[in-house]
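Q: Need a 3D model of the following:
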Amino acid sequence: MTPVPDQDFTIRSAAPGDLKGLAVLYRHLNPTDPILDGTMAEERFSAILAQPGMTVFIGFAGPHAAATVTLVVVPNLTRGGASYALIENVVTHAEHRRHGYAGAVIGHAVNEAWKAGCYKVMLLTSSKNPATLRFYENCGFLQDKTGYQIRRL
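A: Residues are numbered from 1 along each chain as shown. Modelled structure (predicted):
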């Protein structure tokens, strides 16, 4: 079971002033990704914050951005019009791992999806690490579908 974070842990939606903390967190997700220049990062972050149905949740350990997840709620014309949701960019700062922070932000995002009337929440991972897969299962996800993707060359 995922540990419960301590009382000094809070979760909220990202705000314009959170870009720097998120940039640090994302370096722990894909350390080899190119670093966005400041102007592009600000433009992309502004677009994310303005995108209807898209929310970046940040978990703070005291004043430090410790974990994050992005939730995208997608309107739908099937399932009686019930939306569905995607979770992406799950990351915990290396110094804050194994404290239950990622599980807490995922749980928060899933609860927000249910509040938005979603009938399902999907998450993809490229990890083959059994501990990572167990972690997602402990968060309530089932590995019962086949996922495909195509990437631009």
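Q: just checking, residue 139 touches residue 103?
A: Yes: Residue 139 is within contact range of residue 103, at 5.6 Å (criterion: Cβ atoms under 8 Å). Bear in mind the C-beta positions are built from the backbone N, C-alpha and C, glycine included.
Q: Settle it for me: which of those two has more neighbours?
A: Neighbour count, other Cβ atoms under 10 Å: between residue 139 and residue 103, residue 103 has more, with 23 against 19.
Q: Per-residue pLDDT of the more buried one, please?
A: On the pLDDT scale, residue 103 is placed at 96.
Q: now residue 7
A: Reported pLDDT for residue 7: 68.
Q: Pull the one helix or strand residue 132 maps to out as CSV, backbone CA atoms only.
A: Assessed by DSSP states H and E, residue 132 sits inside helix 130-138. Extracted C-alpha coordinates of helix 130-138, given in CSV (Å, rounded to 0.1, in the frame of the first residue of the first chain):
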residue,chain,number,x,y,z
PRO,A,130,8.0,-4.3,-11.5
ALA,A,131,8.1,-1.8,-8.6
THR,A,132,6.7,1.0,-10.7
LEU,A,133,4.0,-1.2,-12.2
ARG,A,134,3.1,-2.4,-8.6
PHE,A,135,3.0,1.3,-7.5
TYR,A,136,0.4,2.1,-10.2
GLU,A,137,-1.6,-1.0,-9.3
ASN,A,138,-1.5,0.1,-5.6
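Q: That one packs against which elements?
A: helix 101-115 (3 or more Cβ pairs under 8 Å, 6 or more residues apart in numbering; DSSP states H and E).
Q: Can I get the helix it packs on in CSV? Just the C-alpha atoms.
A: Written as CSV, here are the backbone C-alpha positions of helix 101-115 (Å, rounded to 0.1, in the frame of the first residue of the first chain):
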residue,chain,number,x,y,z
TYR,A,101,3.8,11.9,-2.5
ALA,A,102,3.2,10.5,-6.0
GLY,A,103,0.4,8.3,-4.7
ALA,A,104,-1.2,11.3,-3.1
VAL,A,105,-1.1,13.5,-6.2
ILE,A,106,-2.4,10.6,-8.3
GLY,A,107,-5.2,10.0,-5.9
HIS,A,108,-6.0,13.7,-5.9
ALA,A,109,-6.1,13.7,-9.7
VAL,A,110,-8.3,10.6,-9.8
ASN,A,111,-10.7,12.2,-7.3
GLU,A,112,-10.9,15.3,-9.4
ALA,A,113,-11.7,13.2,-12.5
TRP,A,114,-14.5,11.5,-10.6
LYS,A,115,-15.9,14.9,-9.5
